[in-house]
Every structure is written in C-alpha cells, then in structure tokens.
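A.B. asks: here is a sequence with its predicted model. Questions after.
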Amino acid sequence: MAATSSLPRWAPTLSPSLPLWHWGGTPNSDERRGGATAGWWSSSFLAAVFPWTRGRADKRPTVPSAGGSGVGSFDGVEVLPATTVLDVDAGVFLTWEDVCVTIAGRTRGSPPVRILDGITGHARPGEVLAIMGPSGCGKTTLLDTLAGRLGPEMNQTGVILINGRQEKLAFGTSAYVTQDNVLMSTLTVREAVYYSAHLQLPDTMPTPEKRAHAERVIREMGLGDAVDTRIGGRITKGISGGQRKRMSICVEMLTLPRLLFLDEPTSGLDSAASYHVMSHIARAAVRERMTVIAAVHQPSGDVFELFHGLCLLAYGRTVFFGTVSNANEFFTLSGFPCPHMRNPSDHFLRTINKDFDEETVESSKANRKIAAEAIEILTNAYQSSTYAEKTTNEIVEMKGKVEAPFRRKEQASFFTKLLVLTRRSFINMHRDIGYYWMRLAIYMGIGICLGTIFYQVGYSYSSIQTRCEVIMYTTALLTFMAIGGFPSFVEDVKVFRRERLSGHYGVAEFVISNTLSATPYLAFIAVIPGAMLYYLTGLTRGAGHFVYFVTMLCM
Ligand SMILES: Nc1ncnc2c1ncn2[C@@H]1O[C@H](COP(=O)(O)OP(=O)(O)OP(=O)(O)O)[C@@H](O)[C@H]1O
C-alpha cells in the first residue's frame, strides 16, 4: 500500500473496512465543497459558455502532487510517490476453464468457426499475466471473453469465475484498454485526463485532489512533456502513436481498477517506453493488488521479465500456461530449447507461428520441424504435463477463496457528469474547424449564392413558384451538407462507446450533454446564413420561412 508520507493532509488512516472513496478527516471542508469545487465550476461554466476564456482557465497553476517533494527520477522518467487513491477491496482471483468461442460460418450451412478452443487459466492479484501468441491466435478474443465484452455474433462456453463465483464486476472494479486508442482528438493530453478524472472520480473527492491525481498518472505514464499537446486525429497531427497508447492506459488507470485488461499496451512504443510503461503497471499491480491481464505482441527481454505469468496461445489453443520461468523449461523439455542469446519470447513466438510455414519448408534443412508440427507437439505435451495439472490445482484453490463481493465504487453524480460532458463537448465543437467553422463558411456561401439567384422574389402570385424553388434548393443542399458532419459524429460515438462500456456515463448523459452543447453552436451557424438568405430573397413576409430556413440549417 502507499506510503503514508505521500498521503494528503485530509486522507484518512486507512482501514480495511473503508470503501474506496470514503475519505474521513476533512480539515478543510470549505475547500473541499464550497471553495475549490465551486470555484472550479464557476470558471468551468464560464469557459463552457465562452470557450475563448478557456485558455486562461487552463493556465492556472496546477496543484502539486499530494506527495509533495517525493518526486524522484528513474532513467529519465519521473517516478512519483505511491498514489493516494487507495482501494481496500479484495483482490480479483480470475479463473477460466475450458473456454470456447465460436462464430457462425461465413456462408449459410458452413460449420461455425472456432476462435478459442478449451482455454484454461487464471490470474491473481498483484501479478501481470501476459497473453502471447502469433497475430490472429485469439488474444483479443480471450481478453474480450474474460472482460465480458464479446460481441453478440460470438458464442461462448466455459466457466469464468471471479473469486470463485460468477460476478458481474461493478463500476470502477475493472478497466479495459483497447487496441485502438479511441480518444477525443481536439483535447490536449491534460484536458483529456482531467475530464476523465472528473467523470470517474466521486464528487466527494476535492477537485484539486482529482487534478493532482490526474497530473500524477500523466507523469507516471511519461507524458509530462506532452501535457499541453493536442491528441490530434483526422485533420491535425497531435501526439505520437506511442503517446496515444499511453494516454489510453492513463485514462483507465485513474481509478486504479482491481482488474485491468490491456490489449497491446506496448504496441507503437519504443523499447525504453515499453519497459517504463509495463514496469509502472507491474509496480502498480503489486502495490495496489491489481490483477493485470495483458495481450502482448513482441515484448523485449526486459519487458518479458516483468510478467509473472504467461498464457501462450496458438490458433485458439493453449500451448503453455504457467510462470515465465517454467515456459523456458517446458519448451526445452518438449524439444524446442531456446537458442543461446535469444530472447525467450521471440523464440516462443517464432516456434509457434505457422503463417509462414511455406517459406520455412522451402528454406529449411532436411529435418527441421515446421510450426504446424511444433504447435501439435507443444499443445499435446502441455495437456499431459505437470504444468497443466498445476494450473488446474491452482484454479481449484482460487475457487475456494471466499472474498466479500465487490462494492460499486463511488462515482461522480449525474449532474457533475452532465456538466463535464457538456463542457468537453463545447470545447470539442469550438476546436473542430472541419465540422463547425467550415460548415459556417459553406452555409454562408450557399446563402449568398441562393440569395443572389433568387434575389428579391417579390410577393406576386408568380413568385409562389420561385419561393417553392428556394425552399427546395435549400432543403436539398443542406441535406447533403449534413453528411459532412458524419466523420466528427462517428468519432464522438466511438469515444462514447468506449466510455460507456467502461461505465463512465450512460446514454442519457451523452444525449443531453451533446444536445446542450450543440444547440447554441448549430443555431449560431444557422442563423447567420439563414438571415442572409431571408434578406436577399426578400422573403420578408412570413416569419415561417425564416424559422424554416433556420431549422433546415440546424439539421
Ligand atoms: N467478429 C469476427 N468475425 C470473424 N472472425 C473474427 C471476429 N473476431 C475475431 N475473428 C477471428 O478470430 C481470430 C482471433 O482474432 P483476435 O482479434 O482475437 O486475434 P489476436 O490474437 O488478438 O490478433 P492480433 O494480435 O493481430 O490483434 C482471427 O483469426 C480473427 O480473424
């Protein structure tokens, strides 16, 4: 657990019976409730309504970490004191037995395709389990299955237990870092993590503490130099791919979940960054008794040594499950010893990758075994080995553990989430040049074009037809223009999907906050060209036309 010296002055003396966000002892309750929080919100509200004031709000000095001077350095990466966000819930002993996943065949009548075939294993608190195997072997599918995120098109069988019982993990208990880093491109690193902290952490936690915590997690992920850089996306270049990956981990690490799933946490990172990120996660796992399951592609020797357990898959089957040190022994005993000076993880993956067997056969010497044969030998050897027996015994032992059910972690209130999401959405719209500002320019262009073509249509009977044409053209053009907003909308929905799956907020908060933030913007970009068109065409009799134009433009 964290060093008490790093605890903030209002932090309680930890007791195992205290829930995560139960912070006793509030020497400065003013600051907690009325002072800091209200202050932040008033400035937030100002910045939300007038986004151009945001710069000033963001330039406020950041609150120093609770640990004060306890910041050290580790190979150039700042290592901050143990976090102050402590959890006293039981650890997660996750076991899975004979897990099979199938998907319907591509053509009607064809047999289902088996993606996972009888996978058995376990993960325990304080340890990092690595799931490794060639590309397409089922690592992500296994993670999705364990996290309860399989798509409806997949069929799953087998027994997955948490502390010996079937349990749906409550909010804040588990987190999942996906392979594709879905983030809001218009925000800076600091903003994205702050907003996430405000969405996930409870209202009872003082705002300065949330910010300090977010700042600490950012630094622990080695993002200290990129805090004010925008994430970037479709149009603008922002942080690098590796930094995006670290950002994704950062956001999910904020609540220090009991169970953490990581899909390719080191992809896109250089070997030093991979090591620092994984070693931070491994340290956090030990310190906070987190259960970490990571699907990894090609770990360097240093990173590989950080893993406690290894689940080696090949084309949906288990090649090996056990400790990292036993894996080497198992490969040697099965006739595939790791060559001298070679990274064991490279050796394992090379031995069981059959995607390039044809090339191997052509270039191999007489009696060299191709990967398909090696997989057959290894999977059979594993099933009858003492390692498989040991895994079964450990699962039986873990199933016998009686731990109290997990409590749902206290979360931000509906109102707070709504405010945070509305503000974030405001900023996103304000900065999304492609969607809003270009749209305004194009609408004005359309307004001028149509207005000059149908200049002063007049009020005679013959002008009725012209009026109809104006309305028809406006409708048609704007309907096509609305499609231009799709890429931004799709990006927003992706972020929403990720955050909803993680339990940060629900559909109601998303819909309300987007409506609140989008309405003034859309009305703004609709009223100006609408008024221009209204004035140029001379449709001055009949307010209905104006309302119609504005409504259409808002689409
Ligand atoms: N929805 C799906 N429909 C059809 N096939 C699927 C689906 N999802 C996964 N698969 C197949 O299942 C296999 C395992 O996929 P999965 O994404 O789990 O592999 P992976 O080991 O994570 O790969 P990578 O390391 O390249 O990310 C692949 O052959 C993939 O094509």
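C.D. replies: Nice, I can see it. Residues are numbered from 1 along each chain as shown.

A.B. asks: who in the stretch 101-250 of the chain is up against the ligand?
C.D. replies: I103, I115, G133, S135, G136, C137, G138, K139, T140, T141, G151, E153 (C-beta under 6 Å from any ligand atom). Where C-beta positions appear, they are placed from N, C-alpha and C, glycine not excepted.

A.B. asks: recalculate using a threshold of 5 Å.
C.D. replies: I103, I115, S135, G136, C137, G138, K139, T140, T141 (C-beta under 5 Å from any ligand atom).

A.B. asks: just the buried residues of those residues.
C.D. replies: Among these, those classed as buried by 16 or more other C-beta atoms under 10 Å are I115, C137, G138, K139, T140, T141.

A.B. asks: got a list of contacts for stretch 377-396?
C.D. replies: 95, 97, 120-122, 314, 317-322, 326, 330-331, 333-336, 351-352, 369 (C-beta atoms under 8 Å, 6 or more residues apart in numbering).

A.B. asks: coming back round to it: among the buried ones among the residues of the stretch 101-250 of the chain next to the ligand, which ones are in strands?
C.D. replies: Counting by DSSP state E, those place I115 in strands.

A.B. asks: okay, the buried ones among the residues of the stretch 101-250 of the chain next to the ligand in TSV with pLDDT next?
C.D. replies: As requested, these are arranged in TSV below (pLDDT from 0 to 100):
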residue	pLDDT
I115	92
C137	89
G138	91
K139	93
T140	93
T141	94
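
A.B. asks: from the buried ones among the residues of the stretch 101-250 of the chain next to the ligand, which is closest to T291?
C.D. replies: Using C-beta to C-beta, K139 is the member of those that sits closest to T291, with 17.1 Å.

A.B. asks: what's the nearest residue to the closest one if we skip its chain neighbours?
C.D. replies: Closest residue in space to K139, ignoring its immediate chain neighbours: A295 at 3.8 Å, by C-beta to C-beta, 6 or more residues apart in numbering.

A.B. asks: now distance to N514 too, for the buried ones among the residues of the stretch 101-250 of the chain next to the ligand, in JSON lines please.
C.D. replies: As requested, these are exported to JSON lines (distance: C-beta to C-beta, whole Å):
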{"residue": "I115", "distance to N514": "36"}
{"residue": "C137", "distance to N514": "39"}
{"residue": "G138", "distance to N514": "36"}
{"residue": "K139", "distance to N514": "34"}
{"residue": "T140", "distance to N514": "30"}
{"residue": "T141", "distance to N514": "32"}
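
A.B. asks: need the max-distance pair from the buried ones among the residues of the stretch 101-250 of the chain next to the ligand.
C.D. replies: Farthest apart among those - using C-beta to C-beta - are I115 and K139, which lie 10.6 Å from each other.

A.B. asks: which strands and helices sit next to the strand or helix carrying R439?
C.D. replies: For R439, the element it lies in under DSSP states H and E is helix 438-453. Under the contact criterion of 3 or more C-beta pairs under 8 Å, 6 or more residues apart in numbering; DSSP states H and E, helix 438-453 touches helix 463-482, helix 507-537.

A.B. asks: hmm, 10 Å instead?
C.D. replies: If contacts are counted by 3 or more C-beta pairs under 10 Å, 6 or more residues apart in numbering; DSSP states H and E, helix 438-453 sits against helix 463-482, helix 507-537, helix 543-554.

A.B. asks: ok, then the element right after the helix or strand hosting I249?
C.D. replies: Following DSSP H and E, one finds I249 within helix 241-253. Using DSSP H and E, the helix or strand that directly follows helix 241-253 along the chain is strand 259-263.

A.B. asks: show me how far that following strand is from its chain's centre.
C.D. replies: Relative to its chain's centre, strand 259-263 lies at 10 Å (C-alpha atoms, centre = their mean, to the nearest Å).

A.B. asks: tilt between that strand and helix 241-253?
C.D. replies: 160 degrees (axes from the mean of the first three to the mean of the last three C-alpha atoms, to 10 degrees).

A.B. asks: now do the helices in the stretch 351-500 of the chain.
C.D. replies: Assigned by DSSP state H, counting those that start in this stretch, the helices in the stretch 351-500 of the chain fall at 357-363, 371-383, 386-399, 414-431, 438-453, 463-482, 486-501.

A.B. asks: right, and G322 touches L310 too?
C.D. replies: Yes - the pair G322 / L310 is scored as a contact, 6.7 Å apart, by C-beta atoms under 10 Å.
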